[in-house]
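Visitor: task: produce atomic coordinates for the following.
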Amino acid sequence: MPSPLFADRPAPQPAEPGTVDALITRTRRLRGDVDAVRRDTEVDDSNTLWRWQRALCDLAICQLDQLGSHLDQLKAGRPDAGGASDRPARDASPNRDPAQDGPGPRLGRVGSGEWNLLTDEVSWSEELFRILGRDPESGPLTLDELPSLVLPEDQALLTVMVTDCLIDGKPIDGEFRIFGADSEVRTLHMMGEPVLDTDGCTASMWAVVRDISVLRDGERSLRDSRDSLRREHHLAQTEHRLVAELHESVLPAWHGSSYPPRSGPDALDLAARRLPATAHPATGGHWFDALELPSGESLLTIGELTGHGVAGASSMAMLLGALRGMAVAGIAPGALLGHLNQLLESSQQPALGSALCSRYAPETRTFSWAQAGHPAPLLFRDGTGRALTPPDGVLLGATSGAAYEQAEVQLLPGDLLVLHTDGDGPTRERLIGLAPRVAGTRSARECAQLIAEECDSAERADAACLMVVRIPGRQGAPG
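Guide: Numbering: from 1, shown residues only. So this is what the prediction gives:
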């Protein structure tokens, strides 16, 4: 017999056909749009973010497919109780949107069944037999036999739902799992109502069973990819914190501000800035340093190593420690870079690096320097700027036994040097173009701030460092 959801209240009137058609059209259009987004997503199975985005698209398509199926059945009317097929009518619809035939989650099936408690008659739709993996010739199962199809750990749950429905008149709304015909575990969702007789007693139970395996698989995939994304984010934050701590412990305490000047008229005015990468702030292979040597000269160095994160920061710390030690021992810049090259060659973590190493003698204002594949210092004087002519030198770690030449330049009071890494920082031409504005700065710190603000206007794929050195005295004063 026909089985309304609520036998003791009037059945709701069906929606207007035109309204349902409009909803079907909008659902199909939206489904096609989501599928287009899914197809346009660049495939990268190694990318956790991509897997999470793909899982979201799959889940959205699955839910839209299910919504479309329900609307199609709503338009066609409820199947008769004699077991007519519940296969969605839109599969054979001539107006089916071809965009829905593409790749993506398959639509879950829906079947229905009724158990008459007065006559012991049981009727299942054809789709319910397919969902439960039972041969129609074997006939439907009674409510007592139904748990035999369910996984042992879910049998008690199904029994409680059915008992509460028959005895207490509670609606059924729950999930349970079965082994499908393909021996895979399938997740089913059952919704049902007791059908009451004129005396208010339960006469039968009517239920709709939907295969939601694809939906639950999609949700599980989404959870897994989201958890992986959160783990990656947590690891990235941890790495960023460790790199920051390494930088704080290794780089000069004055980075980002002015170098604490020593007393006397020959003291250098120094300032430096780190310009972190926009996408990868945990870049760890860049350094700069200034150190007063026992001879009274000042060590000025800047450089960068290949590698990011903790590994790059660790290599940088090792190299900077060796550089400081050799500089204190009195080794000249050219020879010092040769020793650093040997150190990188013998390291357990091979890397390439560019570096500039220099010494400044305050008595003679002599700037002696060597470079290993590094941009030359920029000299600003009298409102103009130029790059110093670099001595020969290859990248650190690029070749065995490399020799590094050394150059000297005589500086004047008020001269300003800008040392910078290559990275994704300011270009030489851009820095030289700032010469008129640099001439108007009153300190190394003010000049470094000016350059940093100019560089902040563009996104950087790689980090960069810069150091500003101002020679004491007024420009134009006698040497």
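Visitor: residues near the closest residue to Val110 other than its chain neighbours, how many?
Guide: Closest residue to Val110 apart from its sequence neighbours, by C-beta to C-beta, 6 or more residues apart in numbering: Arg210 at 4.8 Å. Every residue, glycine included, has its C-beta placed from N, CA and C. For Arg210, the tally of surrounding residues (other C-beta atoms under 10 Å) stands at 23.
Visitor: is it correct that Arg210 is in contact with Glu127?
Guide: No - contact criterion C-beta atoms under 8 Å: Arg210 and Glu127 do not qualify, at 9.8 Å.
Visitor: shared neighbours, these two?
Guide: Shared contacts of Arg210 and Glu127, defined by C-beta atoms under 8 Å, 6 or more residues apart in numbering, are found at 109-111.
Visitor: and these, which is closest to Thr421?
Guide: Closest approach between those and Thr421, by C-beta to C-beta: Arg109, at 61.6 Å.
Visitor: show me where the stretch 251-400 of the chain has helices.
Guide: Along the stretch 251-400 of the chain, counting by DSSP state H, counting those that start in this stretch, helices occupy 309-328, 333-346.
Visitor: mind checking how far stretch 343-350 is from the chain centre?
Guide: When distances are taken as C-alpha atoms, centre = their mean, to the nearest Å, stretch 343-350 is centred 32 Å away from the chain's centroid.
Visitor: which parts of it are buried?
Guide: 343-344 (16 or more other C-beta atoms under 10 Å).
Visitor: kindly export that stretch (C-alpha atoms) in CSV.
Guide: The C-alpha coordinates for stretch 343-350 follow below in CSV (Å, rounded to 0.1, in the frame of the first residue of the first chain):
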residue,chain,number,x,y,z
LEU,A,343,85.1,24.4,4.1
LEU,A,344,82.0,24.2,1.9
GLU,A,345,83.6,21.5,-0.2
SER,A,346,84.2,19.3,2.8
SER,A,347,80.8,20.0,4.5
GLN,A,348,78.3,17.1,4.9
GLN,A,349,75.7,19.5,3.5
PRO,A,350,77.0,20.6,0.2
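Visitor: residues in contact with that stretch?
Guide: Contacts for stretch 343-350 (C-beta under 8 Å, 6+ apart): 307, 311, 314-315, 318-319, 322, 351-353, 396-397, 400.
Visitor: how many neighbours does Gly200 have?
Guide: 10.
Visitor: that one and Gly192, how far apart?
Guide: As judged by C-beta to C-beta, to the nearest Å, Gly200 and Gly192 stand 18 Å apart.
Visitor: again with Ser112
Guide: 9 Å.
Visitor: any residues in contact with both of the two?
Guide: Common neighbours of Ser112 and Gly192, using C-beta under 8 Å, 6+ apart, are 206-208.
Visitor: can you list those in a markdown table and add secondary structure and pLDDT?
Guide: A markdown table is the format used below for those (DSSP: H, G, I helix; E, B strand; the rest coil; pLDDT from 0 to 100):
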| residue | secondary structure | pLDDT |
| --- | --- | --- |
| Trp206 | strand | 90 |
| Ala207 | strand | 90 |
| Val208 | strand | 88 |
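Visitor: among those residues, who's most crowded?
Guide: Trp206 (24 neighbours).
Visitor: tell me what that one is bridged to.
Guide: Glu114, Glu193 (DSSP bridges).
Visitor: verify the stated contact: it with Ser112.
Guide: Yes - if you go by C-beta under 8 Å, Trp206 and Ser112 touch, sitting 7.2 Å apart.
Visitor: re earlier: tell me the one among the shared contacts of Arg210 and Glu127 nearest to Leu23.
Guide: Comparing the shared contacts of Arg210 and Glu127 against Leu23 with C-beta to C-beta places Val110 closest, at 17.4 Å.
Visitor: my guess is Ile432 contacts Leu378. True?
Guide: Yes - using C-beta under 8 Å as the test, Ile432 is close enough to Leu378 to be in contact (6.4 Å).
Visitor: what's near enough to touch Ala387?
Guide: For Ala387, the contact set (C-beta under 8 Å, 6+ apart) comprises 375-379, 428, 432.
Visitor: give me that answer again for 7 Å
Guide: Going by C-beta atoms under 7 Å, 6 or more residues apart in numbering, Ala387 touches 376, 378, 428.
Visitor: quick one: Met190 and Ala329, what's the gap?
Guide: Going from Met190 to Ala329 by C-beta to C-beta gives 81 Å.
Visitor: helix or strand: which one has Asp65?
Guide: Element membership for Asp65, per DSSP states H and E: helix 48-76.
Visitor: same check on Val160?
Guide: When elements are defined using DSSP H and E, Val160 is found to belong to helix 152-168.
Visitor: in that helix, which residues are buried?
Guide: For helix 152-168, the neighbour count (16+ other C-beta under 10 Å) marks 154, 157-158, 161-162, 165-166 as buried.
Visitor: quick check: what element follows that helix along the chain?
Guide: Counting by DSSP H and E, the next helix or strand C-terminal to helix 152-168 is strand 172-179.
Visitor: tilt between that following strand and helix 152-168?
Guide: Counting by axes from the mean of the first three to the mean of the last three C-alpha atoms, to 10 degrees, strand 172-179 points 150 degrees away from the direction of helix 152-168.
Visitor: check which helices and strands strand 172-179 sits against.
Guide: Contacts defined by 3 or more C-beta pairs under 7 Å, 6 or more residues apart in numbering; DSSP states H and E place strand 172-179 against helix 152-168, strand 185-196.
Visitor: which of the ones you listed comes out lowest on mean pLDDT?
Guide: Lowest mean pLDDT of the helices and strands packed on strand 172-179: strand 185-196, a mean of 90.
Visitor: just checking, what packs against that one?
Guide: helix 152-168, strand 172-179, strand 202-211, helix 213-250.
Visitor: before we move on, the earlier item: can I get the helices and strands packed on strand 172-179 in a markdown table with distance to Asp227?
Guide: Output for the helices and strands packed on strand 172-179, formatted as a markdown table (distance: least, C-beta to C-beta, whole Å):
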| stretch | distance to Asp227 |
| --- | --- |
| helix 152-168 | 24 |
| strand 185-196 | 20 |
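Visitor: just tell me which of the ones you listed ends up closest to Val43.
Guide: Per C-beta to C-beta, nearest to Val43 of those: strand 185-196, 27.8 Å.
Visitor: using CSV, list the CA coordinates for that closest one.
Guide: Taking C-alpha atoms only, strand 185-196 is exported to CSV below (Å, rounded to 0.1, in the frame of the first residue of the first chain):
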residue,chain,number,x,y,z
VAL,A,185,32.5,-1.5,2.8
ARG,A,186,29.6,0.7,1.9
THR,A,187,28.0,3.4,4.1
LEU,A,188,24.3,3.7,4.0
HIS,A,189,21.9,6.3,5.4
MET,A,190,18.4,5.3,6.4
MET,A,191,15.5,7.6,7.0
GLY,A,192,12.1,6.2,7.9
GLU,A,193,8.8,6.8,9.7
PRO,A,194,6.3,4.5,11.4
VAL,A,195,2.9,4.4,9.6
LEU,A,196,0.1,4.5,12.1
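Visitor: next, the angle from it to strand 172-179.
Guide: 140 degrees.
Visitor: if you count neighbours, what's buried in strand 185-196?
Guide: For strand 185-196, a neighbour-count test (16+ other C-beta under 10 Å) marks 186-190, 192-196 as buried.
Visitor: I'd like those laid out as JSON lines, including distance to Arg365.
Guide: Putting the buried residues of strand 185-196 into JSON lines (distance: C-beta to C-beta, whole Å) gives the following:
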{"residue": "Arg186", "distance to Arg365": "83"}
{"residue": "Thr187", "distance to Arg365": "80"}
{"residue": "Leu188", "distance to Arg365": "86"}
{"residue": "His189", "distance to Arg365": "83"}
{"residue": "Met190", "distance to Arg365": "89"}
{"residue": "Gly192", "distance to Arg365": "93"}
{"residue": "Glu193", "distance to Arg365": "95"}
{"residue": "Pro194", "distance to Arg365": "99"}
{"residue": "Val195", "distance to Arg365": "102"}
{"residue": "Leu196", "distance to Arg365": "103"}
